[in-house]
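# Got a sequence here, can you build the structure:
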Amino acid sequence: MAVDDDCKSKFLELKAKRTYTAWSSSRSRRSRSRSSWTSSASPTTLPADECRYCVYDFDFITEEGCQKSKIFIAWSPDTAKIRNKMLYASPKERFKRELDGIQVELQATDPTEMGH
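Below you'll find the predicted structure:
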């Protein structure tokens, strides 16, 4: 799955202007991808039964004292169908690589895995 041009431009806007705080992308076998951007969202609002890729702009400091902000979340809830999980698992690395500037990756199956 390639990242479409709209996704890339919105991600660049998130990096440069911090206009958005979160972005998620969904896809199906029939369509390339759908994405949505919002200026006030939380990764805990992801669907309970569908996989998503999400970028969350959240400032934090690591245990090593480094400031980070761009978090790539591979959301794959336990209740998602196996086919949906497979559609997201194989292109994840390529998708993430195309969004230059991701600082942290998080694989989550439950909202509690995305806590502060």
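# contacts, neighbours, all on C-alpha from now
Noted.
# so how many other residues sit close to the closest residue to residue 61 other than its chain neighbours?
Leaving out its chain neighbours, the residue that sits closest to residue 61 by CA to CA, 6 or more residues apart in numbering is residue 67, at 4.4 Å. Neighbourhood size, residue 67 [other CA atoms under 10 Å]: 11.
# And residue 67, how close does it get to residue 100?
Look at residue 67 and residue 100: by CA to CA, to the nearest Å, they are 17 Å apart.
# cool, and residue 111?
Applying CA to CA, the value for residue 111 to residue 100 is 25 Å.
# all strands for this protein, in order.
Here the chain has its strands, by DSSP state E, at 22-26, 34-38, 52-61, 67-75, 104-108.
# Would you format those as CSV with mean pLDDT included?
Formatted as CSV, these follow (pLDDT from 0 to 100):
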stretch, mean pLDDT
strand 22-26, 70
strand 34-38, 60
strand 52-61, 86
strand 67-75, 88
strand 104-108, 90
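# So the residue nearest to residue 61 is in contact with residue 59, correct?
Yes. Between residue 67 and residue 59 there is a contact at 7.1 Å, judged by CA atoms under 8 Å.
# Just the angle for the longest helix seen in the chain relative to strand 52-61, thanks.
When the chain is parsed with DSSP state H, its longest helix is helix 5-17. Counting by axes from the mean of the first three to the mean of the last three CA atoms, to 10 degrees, helix 5-17 points 10 degrees away from the direction of strand 52-61.
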